[in-house]
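> How does the following fold in three dimensions:
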Amino acid sequence: MNYKFKYKNTAFELFRLSFFFLYSSLVGIVNIIFTFAMLALISVRWHEVNNFLRVILVFAVLFFVLFQPVMMYQKAVKNEKSLKELTLELGEKGISVEVGSEHDFMEWSRIKAGKRFPQMLIIFTDNTNGYILTKRIVGKDYKQIFKDILERIKK
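Okay, here's the model as predicted:
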């Protein structure tokens, strides 16, 4: 196995990652339950409440459906500006990372985990940091490449 990728993640890729992490956590489940509860409340009580409460109810639903994703995207755009292009080389012994003039090498045994999302793979170097590989970066054979990487991480 030997793969080399030179890339910079986009704001939309960072947004998708945040969105996947949020909605696969307990917070995301609570968001979904709250949204459906608010929709049920609106449908049952809409004709009984005054205009002020209607605005509050609509705002409560829109917060999780519209405002929160927009705020997450704005944060991703801000984070993208601080990213630099990197070269990630995955070989038999480990991962070589080059960002500008800095270079680092990590053996596979130092890699904590790999987590797969739809068309995306995160290679975790510790509990909170990692490298994002997407279908756009890897190419059409991304499923096989992701499989190869995940097998290497598990060894």
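> continuing past the helix or strand that contains Arg136, what's the next helix or strand?
Using DSSP states H and E, Arg136 maps to helix 135-138. For helix 135-138, the succeeding helix or strand toward the C-terminus, using DSSP H and E, is helix 142-154.
> Now do that following helix: which elements does it pack against?
For helix 142-154, the packing partners by 3 or more Cβ pairs under 8 Å, 6 or more residues apart in numbering; DSSP states H and E come out as strand 3-7, strand 113-117, strand 120-124, strand 130-134, helix 135-138. From N, CA and C alone the C-beta is placed, and that goes for glycine too.
> Give me the contact list for the top helix by length along the chain.
Longest helix in the chain, counting residues (DSSP state H): helix 26-45. Residues from elsewhere that reach helix 26-45, judged by Cβ atoms under 8 Å, 6 or more residues apart in numbering: Leu22, Tyr23, Leu57, Val58, Ala60, Val61, Phe64, Val65, Gln68.
> any idea which helix or strand comes after it?
Going down the chain from helix 26-45, the next helix or strand is helix 51-62, by DSSP H and E.
> Just the mean pLDDT for that next one, thanks.
For helix 51-62, the mean per-residue pLDDT is 91.
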